[in-house]
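Asks: coords below, sequence missing:
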């Protein structure tokens, strides 16, 4: 007696074409995944971090030293405007001078005198204007007489009314011309006075109307300060051309330290902030105050970092700090001020 085919199969072997009733216990179970957060949550978080969060300035590095150099707080280059012969040099570098004090005495060359005369030649223009004004007044007087005569003839019905109107119009025009010439003379005189004052300041002596141009002059100090440089060509007896920087004056108490600061440290600085300055060639550390911070970098190339010029003011009562000394600057945080 034959057994059914299903009974003859080994246990656990499915018959062909038969679907399993339920999954086997040995099959791995599916892991549960957490649902992804909505996309707007990420955008809201980013907005809160960038906009709502308070902006904090990045603090500068307390230990970072910034290379710098000492400058005079005020510098003025006094020019020698005219060529001439130096007769006397009255100051040397390091001397302290007052405003109006003579620095150099010189004698003008002939070419310089002719240059000044040409600059003051507005006298001729004024004289020509005065002559034109006088001629115009004579013409007004003559036309006034003609007008009065024509007016009497017109009243007696013996003259032309058109001639009377023409004479009256011409007299009005000449009087307008006289007013314009008077105004022009006033403008020219004011300009000439200003030119004389300018030449007088350059020569150090007054230049008056009707006088000859002075043959010699003095270079005067325009400010109170210290002599920093004297052009080496300025020697007694030397013939020199016009010099744009004959004498350089400056104020060296206080002095000014100039340095460059990286962009990331700029937000931590403020005007009036404290700094320490070490002068490389001197002993000791000096205390200074931040007096200037640039609002614009000295280089706007996008491929390079930005640096800003910062100035620190230092007292120099003893005069030991000189322009040109190299320095190392360190900035002091607000909470660590002495």
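Replies: Cool, got the structure. Owing to the predicted nature of the structure, the values given are computational and were not obtained by experimental measurement.

Asks: quick one: the helices in the stretch 101-250 of the chain?
Replies: Remark: helices assigned in the stretch 101-250 of the chain by DSSP state H, counting those that start in this stretch are 110-119, 122-155, 161-203.

Asks: so residue 286 is in which element?
Replies: Assigned by DSSP states H and E, residue 286 belongs to strand 285-293.

Asks: what does residue 78 give?
Replies: strand 66-80.

Asks: quick check: what element follows that strand along the chain?
Replies: Following strand 66-80 in sequence, per DSSP H and E, is strand 84-89.

Asks: tell me how far the closest residue in space to residue 122 that isn't next to it in sequence lies from residue 213.
Replies: In this structure, residue 122 finds its nearest non-sequential neighbour in residue 192, 4.6 Å apart by C-beta to C-beta, 6 or more residues apart in numbering. (Each C-beta comes from the backbone N, C-alpha and C, glycine too.) Relative to residue 213, residue 192 is positioned 14 Å away (criterion: C-beta to C-beta, to the nearest Å).

Asks: what touches both of those two?
Replies: Shared contacts of residue 192 and residue 213 (C-beta atoms under 8 Å, 6 or more residues apart in numbering): residue 120.

Asks: now do the same for residue 223: its pLDDT.
Replies: Listed pLDDT for residue 223 reads 94.

Asks: doesn't residue 99 make contact with it?
Replies: Yes: counting by C-beta atoms under 8 Å, residue 99 is a contact partner of residue 223 at 5.6 Å.

Asks: partners of the strand holding residue 286 in the sheet?
Replies: strand 274-279 (antiparallel), strand 307-314 (antiparallel) (DSSP bridges).

Asks: compute the inter-axis angle for the longest one and strand 66-80.
Replies: Using axes from the mean of the first three to the mean of the last three C-alpha atoms, to 10 degrees, one finds that strand 307-314 and strand 66-80 are set 80 degrees apart in direction.

Asks: and the closest residue in space to residue 217 that isn't next to it in sequence, how far from residue 90?
Replies: Nearest residue to residue 217, sequence neighbours excluded (C-beta to C-beta, 6+ apart): residue 203, at 3.4 Å. With distances taken as C-beta to C-beta, residue 203 is found 16 Å from residue 90.

Asks: neighbour count for these two, which is higher?
Replies: residue 203 (24 against 16; other C-beta atoms under 10 Å).

Asks: could you report the pLDDT at residue 210?
Replies: 77.

Asks: burial of it, as a residue count?
Replies: 5.

Asks: so it versus residue 204, what's the distance?
Replies: For residue 210, the distance to residue 204 - C-beta to C-beta - is 20 Å.

Asks: what's the answer for residue 280, then?
Replies: From residue 280 to residue 204 the distance is 41 Å (C-beta to C-beta).

Asks: neighbour count winner among those two?
Replies: Shown here are residue 280 and residue 204; by other C-beta under 10 Å, residue 204 has more neighbours (18 against 11).
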